[in-house]
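> please work out how this folds:
(one chain, ligands or ions: 1)
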Amino acid sequence: MNQTEAIRPSARTRRLGFSEIVTIRNQVLAMVGAGRSVIRLEGGEPFAPTPDFVKEAIKRALDQNQTRYAPSSGIPPLLEAVRTKLAERNRIEAPASRIIVVNGGAHGLFCSFQATLDEGDEAIFLSPHWTPIRDLVSYAGGTAVPVPWRELDGAAAAEVIGRRITPRTRLIYVNTPSNPTGKVLSRSELEGIARLAVDRDLLVISDEAYEDLVWEEPHVSIGSLAGMERRTITVFTLSKSFSLTGGRIGYVVADEAIMDAIRRLVLSSTNGVSTPTQFGALAAISDRSDHLARMREAFRPRRELLLDAVRAAGLRCEAPRGAFYLFPEVRERLGKDSWAAMTGLLERTGIATVPGAVFGSEGEGHLRMSFSMPMEVLEQAAAALRRL
Ligand code: PLP
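Okay, here's the model as predicted:
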């Protein structure tokens, strides 16, 4: 019996790629297997462990048998804590009915694109971009319209983005601070994009995964700007701010009509987030200690150390204004193919990085390096770069 037809996956799932980071991990593991030590700057996780007060809250929830179904949109005290945080820190005023708890930023973004794009709708985003975005757009039936970040050198963001708007444009995806570039859109740039969205009647999906990791200026949420309350979907995660990448928890704030669609998607996909993790998130978001400020300060010397070492090695590198990555231009030192540059750097120095091309063709000629590592590892990286 021929079963090949029966096991054919849906055409729709073929629109989704798979992480190219796996290729890098395999190269790293092969080197480690061959007895070489590797300085791993290819990751995207906070260097610090999850804060104790968050872990304690999760443990307490388990001990109190908070292990049953909870409302699929989130436990009420967490929704209330998020409402307060959004008002105080993001200047986004939204009742709890416009907030939902999701399984991390990735799930929040998946639901946001699914809730808004129809077949053929265009989604504009600045690129290099966080890798999954292109797939999330196409899986929702949309067409990805990447705009090179470099066009913002010397031109206003709204003007550059405005040139890409067509009758099929439905939304603009904004990621500030940006992974992988470390760029931050200023308040006036965000105001320009907001005016564009209002004038051209577009939605904005704002990915604020790195809201607490800003190095030069305070973070601005585009959803707080004039005219943006209803037309912005803002996606947050606890992954980076609270070292909770494995907790898989975040939250989304959106207009009621869009929230209704997102609620249906959450109900039909995960039916909510693990209940004990939600209690951990409640402790994290209600926290009034100086955890976030201390975390930011711990990142600063790491950023300086790696930035100085990369520049001393002759790589051109803009100082990142946010997030925890450097994105140096490596064409002259390591060649213009970023996959070959990644392999070359790994073989010559033992430093693992991510090729810029993984973040879209606009990232070609660059490598992404995380400075979210213990200081000793960054010292080793600096020493290895001196030998380049
Ligand atoms: N958005 C950006 C820009 C990211 O870099 C990440 C994670 O690396 C996410 C969203 C999603 O993170 P998570 O799904 O862990 O919340």
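> show me what contacts Val330?
With C-beta atoms under 8 Å, 6 or more residues apart in numbering as the criterion, the residues that contact Val330 are Leu315, Ser338, Ala341, Leu345, Gly365, His366, Leu367. No exception for glycine: its C-beta is placed from N, CA and C like everyone else's.
> of these - the most surrounded one?
If you count neighbours using other C-beta atoms under 10 Å, the busiest of those is Leu367, which has 31 neighbours.
> I'd say it and Thr343 touch.
No. Contact status for Leu367 versus Thr343: not in contact, 10.8 Å apart, counting by C-beta atoms under 8 Å.
> would you map the strands across the stretch 151-300 of the chain?
With DSSP state E, counting those that start in this stretch, the ranges of strands along the stretch 151-300 of the chain come out as 169-175, 203-207, 232-237, 250-253.
> which among those strands is found nearest to the ligand?
The closest of these to the ligand is strand 232-237. By C-beta to the nearest ligand atom, the value is 3.1 Å.
> and the angle for that closest one with strand 169-175?
Interaxial angle of strand 232-237 relative to strand 169-175 (axes from the mean of the first three to the mean of the last three C-alpha atoms, to 10 degrees): 30 degrees.
> tell me how far the residue of the stretch 251-388 of the chain found nearest the ligand lies from Met295.
Distance from the ligand to each residue of the stretch 251-388 of the chain (C-beta to the nearest ligand atom) is smallest for Ala323, at 7.4 Å. Distance of Ala323 to Met295, given as C-beta to C-beta, to the nearest Å: 13 Å.
> out of the helices and strands in the protein, which is least certain?
Scoring the helices and strands of the chain by mean pLDDT, DSSP states H and E places helix 21-33 at the bottom, with a mean of 87.
> who does it touch, helix- and strand-wise?
helix 338-349, strand 351-352, strand 354-355 (3 or more C-beta pairs under 8 Å, 6 or more residues apart in numbering; DSSP states H and E).
> compare those and report which one is nearest to Asn271.
In this view, the helices and strands packed on helix 21-33 are compared for proximity to Asn271 by C-beta to C-beta, and strand 354-355 is the closest at 33.4 Å.
> give me the next element, helix or strand, following that closest one.
strand 367-370 (DSSP states H and E).
> which helices and strands sit right next to that following strand?
Applying 3+ C-beta pairs under 8 Å, 6+ apart, one finds that strand 367-370 contacts strand 325-326, helix 338-349, strand 354-355.
> export these to JSON lines and tack on distance to the ligand and mean pLDDT?
Formatted as JSON lines, the entries for those read as follows, by distance: least, C-beta to the nearest ligand atom, whole Å; pLDDT from 0 to 100:
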{"stretch": "strand 325-326", "distance to the ligand": "9", "mean pLDDT": "98"}
{"stretch": "helix 338-349", "distance to the ligand": "18", "mean pLDDT": "95"}
{"stretch": "strand 354-355", "distance to the ligand": "11", "mean pLDDT": "96"}
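> got a markdown table for these, with distance to Ala157 too?
Supplementary listing: the helices and strands packed on strand 367-370 in a markdown table, determined by distance: least, C-beta to C-beta, whole Å:
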| stretch | distance to Ala157 |
| --- | --- |
| strand 325-326 | 20 |
| helix 338-349 | 25 |
| strand 354-355 | 25 |
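> could you dump the strands of the stretch 151-300 of the chain to a markdown table with mean neighbour count, distance to the ligand and mean pLDDT?
Formatted as a markdown table, these follow (neighbours: other C-beta atoms under 10 Å; distance: least, C-beta to the nearest ligand atom, whole Å; pLDDT from 0 to 100):
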| stretch | mean neighbour count | distance to the ligand | mean pLDDT |
| --- | --- | --- | --- |
| strand 169-175 | 24 | 5 | 98 |
| strand 203-207 | 25 | 5 | 98 |
| strand 232-237 | 27 | 3 | 98 |
| strand 250-253 | 27 | 5 | 98 |
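> turn these into a markdown table, including distance to Thr270.
Formatted as a markdown table, the entries for the strands of the stretch 151-300 of the chain read as follows, by distance: least, C-beta to C-beta, whole Å:
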| stretch | distance to Thr270 |
| --- | --- |
| strand 169-175 | 22 |
| strand 203-207 | 19 |
| strand 232-237 | 15 |
| strand 250-253 | 12 |
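> hmm, back to that, following the chain past the least confident helix or strand of the chain, name the next helix or strand.
strand 39-40.
> now that following strand: mean pLDDT?
When pLDDT is averaged over strand 39-40, the result is 96.
> quick one: strands adjacent to it?
strand 351-352 (parallel) (DSSP bridges).
> what's next to the strand it pairs with, contact-wise?
The list of residues contacting strand 351-352 from outside it, by C-beta under 8 Å, 6+ apart, reads 24, 27-28, 38-42, 342, 345-346, 369, 381, 384-385.
> right, I'll call it a day here.
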